[in-house]
Structures are given as structure tokens and as C-alpha cells.
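*Asks:* Below: sequence and its predicted model.
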Amino acid sequence: SAPPLPTAEYGPAPLSYAQQRLWFLHDFDPDSTEYTVVTALRLRGALDTGALGAALSGIVARHETLRTTFSTVDGDPVQVVQPAEPVTVRLEDLTGRTDLTLEECLRQEAARPFDLGWGPVFRATLIRLGEQDHVLAFLAHHIAVDGWSLDLLTRELEVEYGAALRGERAEHPPLAVRYADYAAWQRNLVNGQAMERHLDYWRDRLAGVRPLDLPTDLPRPPVRSGAGRRHTFHVPAPVVSRLRELGGGNGATLFMTLATAVKVVLARWSGRQDIAVVTPLSGRDRVEVDDVVGFFVNTVVLRTSIDETLSFTETLRSVRLTTLDAMANGSVPFQKVVEALRPERDPSRPVLAEATVSLIGAPPRPVEVPGLRIEEIDPPVVTVDADVSFEFAERDGALVAHVGYTTDLFTEATAERMAGHLLTLLRGVTDRPEAPLATVPMTSGEETRRLVTEWGGTFEHPAPRTVPELFADQVARDPDAVALVSEEGTLSY
């Protein structure tokens, strides 16, 4: 079993492997906003801005990663925790303005890069839409937070804001460890023999993995920018129910079932059988870190061969085994996997795989704050970390799904078409899970009709002709042509 998490000495601490990867990427392109994480809350009611500032200050004081900066010591990157200071909430008043919408304002906020050397790595903006209507945007560099962390921030805002309204100090359970403790523990763990066995698995599993090379709308630029958008669609509850039943009958989770369908779509779009996608793991397999804000997420690669002579059920079983093996070896930091494989570096592509798949469970309970009605809203997506991503979130038995895409390569129309193909395939495999995949369509009847009659067109095949007949036709069209017979007996003109 893994050793207990130690308590590190205060002072500069090493970066976790996930942090180290983002640090080097930031050092390569300091102005990039690809790893800016945004969450937004709609606050309706009588907002006390003083209490809000106090609440955010309390959260930042509690979680060191939100006030950490990054520098180098003897050439190695280190994290330095800065003293806790009051948080200044930037106010953007949109009341009465017609030149700036909420979405545009959020895009502008997300487009402001973070300076990891000077900090801060976290900021908050309050957007005023009306006297009792505001949007609170949390923005942080991914090096300091992950999705789990954003849920923590939202829950702790409830406690901190309520206490500030009462003029009291918020009470939280003490944190068992700091993020710096985790980073030091991970460094020690990676040097063990067990970790080397996990690395051997990844060396074998990902040997020879190749780029997916999806057909693109635009030529691939020499360096990917990370700029992106996403297309949203919905998987209806009845379809989701049948997917759960199909997966459960084969010992597979909903995620495994969705990942299988995504791989089939990618195989058809790319014309490849060898399909590799990445998926995030929470990285929080230690109870000590459950309440710690930080970047714990790890990435694993799921590689599967898609054979369309097999049924969806047979393919699902293969993806299930691949996923279980990947999770069993998922403690290896992605950065160490990359170092072990030494893939050819290509700045125009993500490392190892260009597509991602993820599933988010049911949302946590709504935040309850005195005098406010709070709901989370989807901020606009301005960056993506893959060529194409498939994200699913459970909502009341259905799925809210997003196809994220890099605008360097794809258009909105392509993302919409890909989403339609996936939805059609999901319906098809739930109806005929034992049929060969090749017989399950992913195009709708209308799209098939367009492909055949409009885009394919019709034409008549000419009757077969002999070579002398074709030559005679050419001479008839061009009377000045001179016929020659070479020594080898070939005819030319």
C-alpha cells in the first residue's frame, strides 16, 4: 500500500508532476490562456459585496494553492506559498450597456493570462447585470485547481459568505495535508519499484501509438494555439437508460459505454482501427486530499482496436478491460508516461492522443446562501486542450453533452455533424447491440439521402472502348495530330 502522506516543511516545495508539465508549457508560451479554468455563478438577490470579498479572502487563506507562485531554484521549478491577503474582487458593471454582453465579458476575463511567477494564480470578477442580479466568475490557472477544486470553492463560499454576513469566522474541518505535502509524497512514490512496473505497462500498451489524423476543415498550423469552442447537444433520458442497461449487462459503467461509442465514431471519421483517446482521473485516491484545493487530476490513455465485424457488445467488453487496466495503472503521472515513451514532439498536436472523453456525475446540491438564489452557469469555452473532446454530464437522467473542438482545425458545422453521428450511433447500438458494427449506421436518413443524391451526384458510365477506337477519336478531334509508332510498338501522337 502507499505510504502515508507526510507533512512537508514550510518553504519552497517541489511541483507535482502535473504542475511541472503546466509550468514548462507556461514557460514556453507565457501569454497562453489554454489552461485558464473558469466557473461562473449567477447570484440573484440582495448581494452584500463586503461579505463576498470577506468570503473569498477566507477561502484563499485556507487553500495555499490559490496564493502560490512559481519560480526556479538551482534550475528546478518550485512552488512558493505567499502570505494570505484580502482578495480584491474586480467589478464589471453591465447595467445599461449595449456594447458588452455577459458572454463577451466572460470571454474577455478568460482571455487575460496569468503570470505564474508573480501571481496571483486566482482571481474573481463580479459582473453586475442589475440591482439584484450578478454573475461571480472564478478564474484560476489549472496549475492551482481542477474540477473537483471548483466544486470545493463553491461549497466553501456558502459557509464563508454566511459567516461573513453574521460577522463571524467560518468554521471548516482542518485540512489533513497541504498540496505541498502531496507533491513531495508523489515525488517519493514515483521513485519506487511499484511505479516502474506501472511504467512497464504503459510502455507496452502505448508502443507505436500514432496520431489519429481526423479529416480537418482547415490545414493544421505548425503550432497549436489552444483556441477552441464547443457544440452542445443532449442525449435523451430513454437513450441513457438503455445505455446503462446495456453497459450493466456487460459489467461496464456508463462511461465505458459512451467511450466505446465515441471510439467507433472516431474510427469511422479517421479511417483507422487503432484508436487512442485520453480521459482524466480525479487523482484523489487518498482521503487526505479530498478537501484540498489543487491540481490532482491525472490523464490516462485508452487504446483500443475497433473491428467493425464485431458487435458493439464485444467491442464494449474490450474497452471495459482496457479502462480497468488503465485505472489500475493510473497512479503514474502522465508526464512520466510521456518521458518513458519519448514520442516525437510535434507542437501542432497534443501529446500521445488528440481526442478526449470524460463523464461528469450528477451535480452537487445547489448552494444555499441567505438572501441569494445561486445557480451555476456554463461560461463560454475559449480554449481546448485537444483537437476534439467529448464531454458528458449527467442531468436528471439525461446527458448534457459537448463536442469541444479546436478552431484551428474545425468549424462549428463539423462539430455539430460529429455530435449527430454519435447520437445516431448511440440509438443504433442500443437497438441492436449484438449486430456487427458495420451494419449500425451513424448517419441519419436525411444525411444519407444528401450524401447519395446531392453530394454524390449521378453520372452515366460510358460504354467500354478499345485503344484504337480512342486513338481514332483523338485524331478526329485534332486533324493536325501525327500518329507515330515507336520501335517498341507503342502508339503516341
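*Replies:* Ah, there it is.

*Asks:* Are we agreed that residue 197 is in a helix?
*Replies:* Yes. Residue 197 forms part of a helix when assessed by DSSP: H, G, I helix; E, B strand; the rest coil.

*Asks:* for the stretch 251-400 of the chain, what spans make up the strands?
*Replies:* Assigned by DSSP state E, counting those that start in this stretch, the stretch 251-400 of the chain shows strands spanning 274-281, 298-305, 355-360, 368-369, 372-377, 388-395, 398-406.

*Asks:* Quick one: closest of the ones you listed to residue 120.
*Replies:* Nearest of the strands of the stretch 251-400 of the chain to residue 120, taken as Cβ to Cβ: strand 372-377 at 22.8 Å. No exception for glycine: its C-beta is placed from N, CA and C like everyone else's.

*Asks:* doesn't residue 69 make contact with residue 119?
*Replies:* Yes. Between residue 119 and residue 69 there is a contact at 4.2 Å, judged by Cβ atoms under 8 Å.

*Asks:* Now do the shared contacts for these two.
*Replies:* When contacts are counted by Cβ atoms under 8 Å, 6 or more residues apart in numbering, residue 119 and residue 69 have residue 82 as shared neighbours.

*Asks:* Straight-line length of stretch 96-111, end to end?
*Replies:* End-to-end distance for stretch 96-111: 24 Å, by Cα to Cα, to the nearest Å.

*Asks:* I meant to write stretch 368-383 there.
*Replies:* Using Cα to Cα, the two ends of stretch 368-383 sit 31 Å apart.

*Asks:* What are the contacting residues of it?
*Replies:* With contact meaning Cβ under 8 Å, 6+ apart, stretch 368-383 is reached by 33-36, 38-48, 103, 106-107, 110-111, 135, 137, 154, 157-158, 161-162, 165, 226-230, 363, 366-367, 402, 404.

*Asks:* and if we set it to 7 Å?
*Replies:* Residues from elsewhere that reach stretch 368-383 (Cβ atoms under 7 Å, 6 or more residues apart in numbering): 33-34, 36, 38-47, 103, 106-107, 110-111, 137, 158, 161-162, 165, 226-230, 366-367, 404.

*Asks:* Please indicate which of those are buried?
*Replies:* Among the contacts of stretch 368-383, those buried by neighbour count (16 or more other Cβ atoms under 10 Å) are 33-34, 36, 38-44, 47, 106, 110, 137, 158, 161-162, 165, 226, 228-230, 367, 404.

*Asks:* From those, which land in strands?
*Replies:* Among these, the subset assigned to strands under DSSP state E consists of 36, 38-44, 137, 228-230, 404.

*Asks:* And those, which is closest to residue 148?
*Replies:* When these are compared against residue 148 (criterion: Cβ to Cβ), the nearest one is residue 39, at 11.8 Å.

*Asks:* Tell me if I'm right that the closest one and residue 139 touch.
*Replies:* No. Counting by Cβ atoms under 7 Å, residue 39 does not reach residue 139; the two are 8.4 Å apart.

*Asks:* Residue 71 and residue 119, how far apart?
*Replies:* Going from residue 71 to residue 119 by Cβ to Cβ, to the nearest Å gives 10 Å.

*Asks:* er, residue 300 I mean
*Replies:* Distance from residue 300 to residue 119, by Cβ to Cβ: 31 Å.

*Asks:* Okay, residue 165 and residue 153: tell me how far apart.
*Replies:* Distance from residue 165 to residue 153, by Cβ to Cβ: 18 Å.

*Asks:* wait, doesn't residue 146 sit right on residue 293?
*Replies:* No. Using Cβ under 7 Å, residue 146 is not in contact with residue 293, being 8.7 Å away.

*Asks:* Looking at those two, which is more packed in?
*Replies:* Higher neighbour count among residue 146 and residue 293: residue 293, with 27 against 23, using other Cβ atoms under 10 Å.

*Asks:* and that one, what does it touch?
*Replies:* By Cβ under 7 Å, 6+ apart, the residues touching residue 293 are 63, 65-66, 145, 149, 152-153.

*Asks:* low-confidence ranges in the stretch 151-300 of the chain?
*Replies:* Within the stretch 151-300 of the chain, not a single segment meets pLDDT under 70.

*Asks:* how about stretch 47-56: buried residues?
*Replies:* 47-48, 51-56.

*Asks:* Just the closest of the residues you listed to residue 12, please.
*Replies:* Proximity of those to residue 12 (Cβ to Cβ) peaks at residue 56, which lies at 25.8 Å.

*Asks:* Would you check that the closest one makes contact with residue 124?
*Replies:* Yes. Under the criterion of Cβ under 7 Å, residue 56 makes contact with residue 124 at 5.5 Å.

*Asks:* which element is the nearest residue to residue 157 once chain neighbours are set aside on?
*Replies:* Leaving out its chain neighbours, the residue that sits closest to residue 157 by Cβ to Cβ, 6 or more residues apart in numbering is residue 55, at 5.7 Å. Using DSSP states H and E, residue 55 maps to helix 49-62.

*Asks:* Could you check the angle that helix makes with strand 372-377?
*Replies:* 60 degrees (axes from the mean of the first three to the mean of the last three Cα atoms, to 10 degrees).

*Asks:* Export the ones in strands among the buried ones among the contacts of stretch 368-383 as CSV, with columns for distance to residue 326.
*Replies:* Shown next, in CSV, are those (distance: Cβ to Cβ, whole Å):
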residue, distance to residue 326
36, 28
38, 29
39, 28
40, 32
41, 34
42, 37
43, 40
44, 43
137, 34
228, 25
229, 29
230, 25
404, 21
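
*Asks:* Need the max-distance pair from those.
*Replies:* Among those, 44 and 228 lie farthest apart (Cβ to Cβ), at 30.1 Å.

*Asks:* Pull the contacting residues for residue 268.
*Replies:* Residue 268 is in contact with residue 442, counting by Cβ under 7 Å, 6+ apart.

*Asks:* coming back round to it: mind listing the shared neighbours of residue 56 and residue 124?
*Replies:* Common neighbours of residue 56 and residue 124 (criterion: Cβ under 7 Å, 6+ apart): 87, 89.
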